[in-house]
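**Student:** give me the fold of what follows.
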Amino acid sequence: MTLDEETAAPRRARRRPARRLVVAAVLTLVLAIGVLPDLFGGLDGHSPFAQLQAFRQWTLLAVAVLGLLLAAATLRWRRIWPFAAGVLAVAVVGAVLVVPRAVPDPAPTGGRTLTVLSFNTYEGHADVQALAAVIRTEKPDLVALPEAGDRFRSKLAPLIEPLGYRVRASTGPRQRDVNGVTVAVAGRLGDVQMSVGDDTTSFPYLVVTGGALGSLRFVGFHSVAPTLKATPYWRHDLGLLPQWCAGPTPAIVAGDFNATLDHSVLRDASVGCGDAAAQRGQGLQPTWGPTDLLRHTIGPQIDHVLSTNGIEASAFHVLDVPGSDHRPILATLQVP
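**Tutor:** Coordinates of the predicted model:
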């Protein structure tokens with residue numbers, strides 16, 4: 001070996017660890033962008049990140065398993081430690097964002113109780129008899145039914161109006177159920193007023209005021225889904241939330257938001273509101289899925305009951321009604 005070769009060999013040996021660190025850093029960054037896009041300038045508000053973000057708790061689980069496998073492999077191949085460290089770092093950051101939704105807040109005390117039921121009826125195909133049975137059993141004060149227009153209202157009203165409910169849809173009989181939102185209000189809330197809001201891109205919402213609600217507003221809401229071409233409309237619809245969550249009066253907004261709390265679009269728009277499911281440590285329960293199995297296992301929680309600060313959930317349950325790709329959610333709220 002010549003003198004030049006003897007000098008070059010240590011240089012190459014020093015460069016190899018440096019290259020491994022650079023490659024590991026790049027791969028960690030790519031993984032972080034894929035799993036934590038909300039931390040990179042709101043990438044999760046755009047396709048395809050918006051769609052992937054709905055399942056972040058499961059992608060994080062996969063990342064954590066991969067990180068642990070790589071960590072175990074370092075016992076034999078120490079050179080891969082930068083890759084294991086990067087993957088585990090992404091998993092830890094993600095866990096800090098997700099896990100708190102599975103930990104209940106202290107139970108609220110005092111105040112009056114309002115029970116809210118929300119259920120996307122899947123274009124009006126949900127079993128109306130089963131839904132009426134849930135309302136009869138649970139006796140909610142307020143009910144929000146996305147994808148239930150006047151046609152669905154006309155089938156539900158005869159079943160629950162004898163129970164004392166007033167029922168109104170945000171769309172007329174000539175429109176498809178998928179375009180409407182129906183709200184039912186228990187008679188014990190008195191002489192409430194219902195008005196239609198049409199500043200969403202597709203689904204008019206209903207606002208309930210007055211009566212025993214006092215200054216409180218209740219909104220039955222439905223956002224467009226963030227499909228590949230519809231993410232701008234989805235951002236617009238969720239962008240309406242500050243008028244209630246940061247508004248001058250207390251409010252409850254219930255319905256299908258087509259977003260999980262992993263989406264920065266929903267988190268930013270709902271500043272000033274708390275999520276009933278997360279408050280009770282149920283923030284990871286699925287509420288949507290194309291099959292019954294997915295609705296009960298790995299589906300995302302895209303249905304929410306949001307309420308302004310000071311209104312806290314004392315109970316939250318996910319129920320079942322046949323005929324829909326969503327599951328009903330039932331929240332008991334304590335209103336100061």
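
**Student:** which strand or helix spans the residue nearest in space to the middle of the chain?
**Tutor:** Residue closest to the mean C-alpha point of the chain, counted by CA atoms, centre = their mean, is Thr260 at 2.4 Å. Assigned by DSSP states H and E, Thr260 belongs to no helix or strand.

**Student:** surely it and Gln51 touch.
**Tutor:** No - using CB atoms under 8 Å, Thr260 makes no contact with Gln51, being 11.3 Å away. Placement of C-beta: from N, CA and C, glycine included.

**Student:** residues contacting the closest residue to the residue nearest to the centre of the chain other than its chain neighbours?
**Tutor:** Spatially, and ignoring its direct neighbours in sequence, Thr260 is nearest to Pro300 (5.0 Å; CB to CB, 6 or more residues apart in numbering). Contacts for Pro300 (CB atoms under 8 Å, 6 or more residues apart in numbering) come out as Ala54, Phe55, Thr260, Pro286, Thr287, Trp288.

**Student:** pretty sure the last one is touching Arg327, no?
**Tutor:** Looking back up the chat, that one is Trp288. Yes - between Trp288 and Arg327 a contact is recorded at 7.5 Å, counting by CB under 8 Å.

**Student:** now for the two: what residues contact both?
**Tutor:** Arg295, Asp303.

**Student:** where do the helices sit along this protein?
**Tutor:** In the chain, the segments counted as helices under DSSP state H are 3-35, 49-53, 56-73, 81-98, 128-138, 150-160, 231-238, 242-245, 264-269, 276-279, 292-296.

**Student:** in the fifth one, what's buried?
**Tutor:** For helix 128-138, burial by neighbour count (16 or more other CB atoms under 10 Å) applies to Val128, Ala130, Leu131, Ala132, Val134, Ile135.

**Student:** let me know the closest of these to Ala225.
**Tutor:** Proximity of those to Ala225 (CB to CB) peaks at Leu131, which lies at 21.8 Å.

**Student:** picking up where we left off before, among the contacts of Pro300, which one has the most neighbours?
**Tutor:** Greatest neighbour count in the contacts of Pro300, by other CB atoms under 10 Å, goes to Thr260: 26 neighbours.

**Student:** in terms of pLDDT, where does that residue sit?
**Tutor:** Note on Thr260: pLDDT of 98.

**Student:** gap between it and Val35?
**Tutor:** According to CB to CB, to the nearest Å, Thr260 stands 14 Å off from Val35.

**Student:** and if you look at Asp275?
**Tutor:** Distance of Asp275 to Val35, given as CB to CB: 21 Å.

**Student:** make a markdown table from the buried residues of helix 128-138 and add distance to Arg151 and pLDDT to it.
**Tutor:** Putting the buried residues of helix 128-138 into a markdown table (distance: CB to CB, whole Å; pLDDT from 0 to 100) gives the following:
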| residue | distance to Arg151 | pLDDT |
| --- | --- | --- |
| Val128 | 10 | 98 |
| Ala130 | 17 | 98 |
| Leu131 | 14 | 98 |
| Ala132 | 16 | 98 |
| Val134 | 20 | 98 |
| Ile135 | 18 | 98 |
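
**Student:** contacting residues for Gly187?
**Tutor:** Listed by CB under 8 Å, 6+ apart, the contact set of Gly187 reads Gly164, Tyr165, Arg166.

**Student:** which one of those residues is nearest Arg217?
**Tutor:** Nearest to Arg217 among these, counting by CB to CB, is Arg166 at 16.3 Å.

**Student:** correct me if wrong: Ser314 contacts Thr113.
**Tutor:** Yes - in this structure, Ser314 is within contact of Thr113 by CB under 8 Å, at 7.5 Å.

**Student:** what about these two, which has more around it?
**Tutor:** Ser314 (17 against 11).

**Student:** list the contacts of the more buried one.
**Tutor:** So Ser314 contacts Ala107, Pro108, Thr113, Arg280, Thr332, Leu333, Gln334 (CB under 8 Å, 6+ apart).

**Student:** go on, Gly34?
**Tutor:** Applying CB under 8 Å, 6+ apart to Gly34 gives the contacts Phe49, Leu52, Thr59.

**Student:** put the buried members of these into a PyMOL selection.
**Tutor:** Selection of the buried residues among the contacts of Gly34 in PyMOL, burial being defined by 16+ other CB under 10 Å:
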select buried, resi 49+59
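
**Student:** what would the contacts of Gly34 look like in CSV with pLDDT?
**Tutor:** Formatted as CSV, these follow (pLDDT from 0 to 100):
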residue, pLDDT
Phe49, 96
Leu52, 95
Thr59, 96
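
**Student:** for the contacts of Gly34, which one is nearest Val219?
**Tutor:** Looking across the contacts of Gly34 and measuring by CB to CB, the closest to Val219 is Phe49, at 27.5 Å.
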